[in-house]
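K.L.:
show me how the following folds:
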Amino acid sequence: MLYRATVLLVLLVALAFAYGCAPGVERAVDPSEGEFYTEEEYQKLSSDQREAYCAELLDEYQASQGCVADATDGLEREEAAIGDLQSELEGLRPRLMELRGEIEGLESDIAYFEGLPRVYTVMKGDFLYKISGMEEIYADPHKWKRIWRANKDAIEGFNDPNLIYPDWQLTIPREWPHTYTVKEGENLWRIAGYWEIYGDGRMWTRILEANQDKISDPNIIQPGWVLTIPR
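P.N.:
All right, here's what the predicted structure looks like:
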């Protein structure tokens, strides 16, 4: 009888293991947090534990598939947007090349003008009209008066600007002046009419407005005054 009882107990224990009644694994895992059983741990799980674990894995897989679908849709939208931007860029490319050409042309002009002389050494036979007409000076003989105005202190006889002599160093103004020093006999109309100022005497009011702190009567300005020339 004892032998039969022992055999029966062994069979019951075996059946318990076979049908998931044996003790499971103590460590709990959460697949949604990236936690998983090892192969060894999985083998020790009861059937119920395995079923629950597999259900969790399936839920996590389905959730990840939803994320993949959303990411795919987002990627497709981004690719479409990139395609639109590329098309727009292709449309702008001709204008970009045109602007690049304009910039290169301006850079070339700037380099040319920066290389123009700011001082001219008078040669035998020179006179201001001739000097002003030189390509490297102003390429316009009618602009000789600017050279004269810039060198009045050096040129003898204000009434005869052609009294210049070889080897004289004449200043050749290049900038658009932001100030102007009044000379004898000048008025606002005349100053505004100088081509390096505004080239139009009717713009004298701009000078008046910018110098109201020193000009009370527009018909009276004094030699030596430094006037602001607004740009």
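K.L.:
list the buried residues for stretch 175-190?
P.N.:
180, 182, 186, 188-189 (16 or more other CB atoms under 10 Å). Heads up, the C-betas are built off the backbone N, CA and C, glycines and all.
K.L.:
next, format those residues as a markdown table and append pLDDT, distance to D109 and secondary structure.
P.N.:
Putting those into a markdown table (pLDDT from 0 to 100; distance: CB to CB, whole Å; DSSP: H, G, I helix; E, B strand; the rest coil) gives the following:
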| residue | pLDDT | distance to D109 | secondary structure |
| --- | --- | --- | --- |
| Y180 | 94 | 26 | strand |
| V182 | 93 | 33 | coil |
| E186 | 93 | 32 | coil |
| L188 | 97 | 32 | helix |
| W189 | 97 | 32 | helix |
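K.L.:
ok, so of the residues you listed, who is nearest P230?
P.N.:
Y180 (11.3 Å; CB to CB).
K.L.:
mind checking pLDDT for the residue nearest to the closest one when sequence neighbours are not counted?
P.N.:
Once flanking residues are discounted, Y180 sits nearest to L227: 5.0 Å by CB to CB, 6 or more residues apart in numbering. In this model, L227 is scored at 97, pLDDT.
K.L.:
same question, the one 4 residues further on
P.N.:
Reading off the per-residue confidence, R231 sits at a pLDDT of 91.
K.L.:
surely it is in contact with W176?
P.N.:
Yes. Using CB atoms under 8 Å, R231 is in contact with W176, at 6.6 Å.
K.L.:
please report how far L227 lies from Y37.
P.N.:
Computed as CB to CB, to the nearest Å, the L227 to Y37 distance reads 91 Å.
K.L.:
if I look at I131, how far off is A150?
P.N.:
Plainly put, I131 is 12 Å away from A150 if you go by CB to CB.
K.L.:
ditto for P218
P.N.:
P218 is 25 Å from A150, by CB to CB.
K.L.:
just the helices from this protein, written as ranges.
P.N.:
Per DSSP state H, the chain carries helices over the ranges 2-18, 39-43, 47-114, 128-133, 144-150, 188-193, 204-210.
K.L.:
closest one to P31 among the ones you listed?
P.N.:
helix 47-114 (4.5 Å).
K.L.:
quick one: low-confidence ranges for the protein?
P.N.:
1-26, 156-159 (pLDDT under 70).
K.L.:
okay, domains of it per the record?
P.N.:
Per automatic domain parsing, the structural domains of the chain span 27-111, 117-174, 176-231.
K.L.:
centre of the chain to the last one, how far?
P.N.:
To tie it back to what came earlier, the one meant is domain 176-231. Between the centre of domain 176-231 and the centre of its chain there are 38 Å (CA atoms, centre = their mean, to the nearest Å).
K.L.:
quick check: end-to-end length of it?
P.N.:
Chord length of domain 176-231, first to last residue, is 9 Å (CA to CA, to the nearest Å).
K.L.:
and stretch 103-123, by the same measure?
P.N.:
37 Å.
K.L.:
wait, doesn't Y198 sit right on R190?
P.N.:
No. If you go by CB under 8 Å, Y198 and R190 don't touch, sitting 11.3 Å apart.
K.L.:
I'd say Y42 and R50 touch.
P.N.:
Yes. Here Y42 reaches R50: they are 7.1 Å apart, a contact under CB under 8 Å.
K.L.:
what count of nearby residues applies to K214?
P.N.:
11 (other CB atoms under 10 Å).
K.L.:
in stretch 130-146, what's buried?
P.N.:
131-132, 137-138, 143-144, 146.
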